[in-house]
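> generate a structure from the sequence data that follows.
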Amino acid sequence: MSQKKIGVVIGSLRKDSLNRKLALAVAHLAPEDFTFEHLRIDDLPLYNQDDDAHQAPAVLRLKTDIASCDGIVFVTPEYNRSFPGVLKNAIDCASRPYGQSAWAGKPAGVIGVSIGQIGTAIAQQHLRPVLAYLDMPTLGQPEIFLHNKEGLFDDKGHIAEGSKAFLQGWVDKYTAWIRIHTGE
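As a prediction, this is how the structure comes out:
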């Protein structure tokens, strides 16, 4: 088996983001032949179609980083019952100009954690049609809508034992999904 590289797009810029913690926890649960690389989105300009002919260096870097990945995991918080604008901006920047989307064909997974009772259920439901439009085959089941509560993360930032098996099931399904899409 060859090494699989998964790009991780975290929809929060906050240093102590719960979704950043979740992304790190997922990486610890992955098989040894998978590496998870966080794709930088904090320095992207706001998408402007006038810039399509001369994309900013940060946009070109993101597109190159995406191209080197076997799959993408979107780890999104839920802001005002949808996914954050910074995530939408990253999606728009890397999908343009029309016909030159870096996202096309990349198998995706979507997870998230929030302080709200329904986790990131609505944000994920808003994100999935965008990914479908971008031609990103997206893992449908299991869905992970984590509600952050006391003890979800241990003192090292890993998922605590009570939720670890649940998240491990998602990681196992996602890595199998990647193997199918990469022909292994």
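> scan the chain for its longest helix.
If you go by DSSP state H, the chain has its longest helix at helix 161-181.
> what about that one, average pLDDT?
Averaging pLDDT along helix 161-181 gives 91.
> show me what it is packed up against.
Helices and strands touching helix 161-181, by 3 or more CB pairs under 8 Å, 6 or more residues apart in numbering; DSSP states H and E, are strand 4-10, helix 18-29, strand 71-75, strand 108-114, strand 144-147. Where you see a C-beta, it was placed from the backbone N, CA and C, and this is true even at glycine.
> what residues of the helix or strand that the longest one is followed by count as buried?
Looking back up the chat, that one is helix 18-29. Using DSSP states H and E, the helix or strand that follows helix 18-29 in sequence is strand 34-38. By 16 or more other CB atoms under 10 Å, the buried positions in strand 34-38 come out as Phe34, Phe36, His38.
> likewise stretch 80-96?
So, applying 16+ other CB under 10 Å, buried residues of stretch 80-96: 82-84, 86-88, 90-96.
> can you list which of the residues you listed are found in helices?
Short answer: these in helices (DSSP H) are Val86, Leu87, Lys88, Ala90, Ile91, Asp92, Cys93, Ala94, Ser95.
> show me which of the residues you listed is closest to Leu131.
Checking these against Leu131 with CB to CB, the nearest one is Ile91 at 8.4 Å.
> quick one: contacts for that closest one?
Trp103, Val130, Leu134 (CB atoms under 8 Å, 6 or more residues apart in numbering).
> mind checking how far Arg14 is from Lys164?
24 Å (CB to CB, to the nearest Å).
> correction: Ile41
28 Å.
> looking at these two, which one has more neighbours?
Comparing Ile41 with Lys164 by other CB atoms under 10 Å, the one with more neighbours is Ile41, at 20 against 15.
> for the more buried one, give its distance to Val8.
Ile41 is 10 Å from Val8, by CB to CB.
> could you list the single helix or strand in this protein with the lowest mean pLDDT?
Using mean pLDDT, DSSP states H and E, strand 144-147 stands out as the lowest-scoring helix or strand of the chain, at a mean of 80.
> what residues sit buried inside stretch 135-154?
Buried residues in stretch 135-154, defined by neighbour count with 16+ other CB under 10 Å: Met136, Thr138, Leu139, Glu143, Ile144, Phe145, Leu146, Asn148, Leu152, Phe153.
> test my guess that the second one contacts Ala108.
Translated: Thr138. Yes - the criterion here is CB atoms under 8 Å, and Thr138 meets it with Ala108 at 4.5 Å.
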